[in-house]
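Trainee: Below are the sequence and a predicted model for it; my questions follow.
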Amino acid sequence: MDISMNTPALLFPAITLVMLAYTNRYIAIASTVRSLYDSYEKYEDKRVIHGQIKSLRYRLKLIKNMQILGVFSFLCCIFCMYFIYAELTMLAHIAFAIGMISFAISLLISLNEINLSTKAIELQLSDIDGLENPTVVEYLKKKFEKE
C-alpha cells in the first residue's frame, strides 16, 4: 500500500483536538486538587479527602500518559511525512504505524480516565440522600408520568 503525504496529515486535526480535550481535563482536575488542598484543614474526617486526592493523583498520572502518547503520535506523523518526502517508504510506514498505535493507546487510557471520573462523581453524589441511580427506562417512565 502506498502512503501519501495526506495520510499522516489527516491525523493532525484529530490529535490536536484530542490534546485540547486532555489539557482541559488536566486543568479541571488541577483546579479540584487546589480546592481540596485549600479546604483540607476544615474537614474533620480527613480520610475522605485523602481518598479523593489519591484518586485525583492517579487520574493526573493517566492524563499525563495520555498527553505523552498524543504528542508522541503527533511526532510520529511528522516523521512519517518527512520520510515520505525523503522517499523512505518503509520508514514512513513504520512511523505511521507507531503513531497510530500510540494514538490508540492514548485513547484507551482516556477511556479508562473517563470511567474513573464518572465513578468519582457517582460516589460523591451517593452521599446525598434520596438520589437513586435509575435505569434509562425508569428515568423515562418517571419523566412521562409527571407530564
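Mentor: That came through fine.
Trainee: In what element of secondary structure is residue 92 found?
Mentor: Per DSSP states H and E, residue 92 falls inside helix 89-126.
Trainee: Quick one: residues in contact with stretch 66-86.
Mentor: 3-5, 7-9, 11-12, 15-16, 18-19, 22-23, 26, 89, 91-92, 95-96, 98-100, 102-103, 105-106, 109-110, 113 (Cβ atoms under 8 Å, 6 or more residues apart in numbering). All C-beta spots, glycine's among them, are computed from the backbone N, C-alpha and C.
Trainee: Give me the buried stretch members for that stretch, please.
Mentor: By neighbour count on 16 or more other Cβ atoms under 10 Å, the buried set for stretch 66-86 is 66-67, 69-70, 72-74, 76-77, 79-81, 83-84.
Trainee: Write a PyMOL command that selects only the buried members of the contacts of stretch 66-86.
Mentor: Buried subset of those, written as a PyMOL selection, criterion 16+ other Cβ under 10 Å:
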select buried, resi 3+7+8+11+15+18+19+22+26+92+95+96+98+99+100+102+103+105+106+109+110+113
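Trainee: what residue ranges in the protein score low on pLDDT?
Mentor: When residues are selected by pLDDT under 70, those of the chain lie in 44-46, 48, 124-136, 139, 143, 146-147.
Trainee: need the strands for it, in chain order.
Mentor: For the chain, applying DSSP state E gives no strands.
Trainee: Kindly calculate the angle that the biggest helix by length in it makes with helix 89-126.
Mentor: Longest helix in the chain by number of residues (criterion: DSSP state H): helix 46-85. Helix 46-85 and helix 89-126 are oriented at 160 degrees to each other (axes from the mean of the first three to the mean of the last three Cα atoms, to 10 degrees).
Trainee: Excluding sequence neighbours, find me the nearest residue to the most centrally placed residue in the chain.
Mentor: Centroid-nearest residue in the chain, with Cα atoms, centre = their mean: residue 110, separated by 3.2 Å. Leaving aside its chain neighbours, residue 110 sits nearest to residue 66 (5.2 Å; criterion: Cβ to Cβ, 6 or more residues apart in numbering).
Trainee: All set now, cheers.
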